[in-house]
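In: Quick one, what's the 3D model for this:
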Amino acid sequence: MSDRDLLAGYIDTWWSAVGDFVDVLDQLGPADWARPTDLPGWDVKAVASHTAHLESLLAGGPDEQADIGDPPHVTSPMGQFTEIGVVTRRDRDPAEIVEEIRRVTAARHEALRADPPTDGAAPAPGLFGMIGWNQRTLLRNRPLDVWMHEQDVRRAVGLPGGIDTPGGQHTADYLSEGFGFVVGKRVKPEPGTTAVLAVEGSAPVAVVVGDDRRASALADVPAEPTVRLTMSREVFILRAGGRRPDAAPVQVDGDSGLAERILAELATTP
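Out: Below you'll find the predicted structure:
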């Protein structure tokens, strides 16, 4: 697949995820905006504000600045950055935030359609390029971020759904790619160990640990791996997305001790 087609696919998935996210926000009642989410320190309004902030920047909006104070849930420079949009929109009406998301994403979508990116290795625009991201990383990340936040809102307000969508498929497949990193870099089992991750709706991921303790992908899924973890897409997203690390159920076949170690390290995105 050419870079142009690959990037176009990411853009289509992002646009679909934006529509799903806004549809959920449109269903919220006044009390829903203050409901806490699985993200420490963030309520529903904060999640929407953060999304509006990033999408505004990507659409060419101003580089917002704010004194975020010293909230206990902010523990990194990235956390300080993502908090800015929450602070700058704290006094805005929720309807205004939703409208901002609609407006800036529509503008960016039109710009991407008018001048489609063709080189995934090209630097990402603005602040994202400054942190070392290229176009491929940026465009691949946006559907994941928007869809994950849609799910954050859905859980907070008790509105299940949206799992089997293009955004959900993209996110599950994307996060599944981190399985080898989790096994080889974090868990570091003995050479020869084989591990399989089977997430409902995605192709199984199988890895083997080499003598160098690195985990390499296997083209064929072994019939009897050292351990096999089977779970629904929703449970996997909760665990790998760092939302609810004890989400269940997970079916374990094989080495239960190794399974526990892998599950404890499964989160690859905060």
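In: Look at residue 22 and tell me its secondary structure.
Out: Taking DSSP: H, G, I helix; E, B strand; the rest coil as the rule, one finds residue 22 in the helix state.
In: so who does it touch?
Out: Going by Cβ atoms under 8 Å, 6 or more residues apart in numbering, residue 22 touches 98, 101, 102. Glycine gets a C-beta too; all of them are placed from N, C-alpha and C.
In: Could you measure from the last one over to residue 79?
Out: Using Cβ to Cβ, to the nearest Å, one gets 27 Å for the distance from residue 102 to residue 79.
In: cool, and the second one?
Out: Residue 101 is 21 Å from residue 79, where distance means Cβ to Cβ.
In: pLDDT averaged over stretch 75-84 - what is it?
Out: For stretch 75-84, the mean per-residue pLDDT is 88.
In: what comes up buried for that stretch?
Out: Across stretch 75-84, burial judged by 16 or more other Cβ atoms under 10 Å covers 81, 82, 83, 84.
In: for stretch 217-229, same thing?
Out: Buried residues in stretch 217-229, defined by neighbour count with 16+ other Cβ under 10 Å: 218, 225, 226, 227, 228, 229.
In: next one: phi and psi at the last one?
Out: Residue 229 adopts backbone torsions of phi -110, psi 120, taken as degrees, to the nearest 10.
In: ditto for the fifth one
Out: Taking degrees, to the nearest 10, you get phi -130, psi 130 for the backbone angles of residue 228.
In: re the thing from before, any chance of JSON lines for the buried residues of stretch 217-229, columns pLDDT?
Out: Shown next, in JSON lines, are those (pLDDT from 0 to 100):
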{"residue": "218", "pLDDT": "96"}
{"residue": "225", "pLDDT": "98"}
{"residue": "226", "pLDDT": "98"}
{"residue": "227", "pLDDT": "98"}
{"residue": "228", "pLDDT": "98"}
{"residue": "229", "pLDDT": "98"}
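In: and those residues as a markdown table, adding distance to residue 263?
Out: Putting the buried residues of stretch 217-229 into a markdown table (distance: Cβ to Cβ, whole Å) gives the following:
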| residue | distance to residue 263 |
| --- | --- |
| 218 | 20 |
| 225 | 15 |
| 226 | 14 |
| 227 | 10 |
| 228 | 12 |
| 229 | 7 |
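In: just curious, which of the residues you listed is nearest to residue 235?
Out: Closest approach to residue 235 among those (Cβ to Cβ): residue 229, at 10.1 Å.
In: That closest one - nearest residue in space that isn't next to it in sequence?
Out: Nearest in space to residue 229, with sequence neighbours left out and distances taken as Cβ to Cβ, 6 or more residues apart in numbering, is residue 197 at 5.4 Å.
In: Residue 180 and residue 186: what is the separation?
Out: Applying Cβ to Cβ to residue 180 and residue 186 gives a distance of 10 Å.
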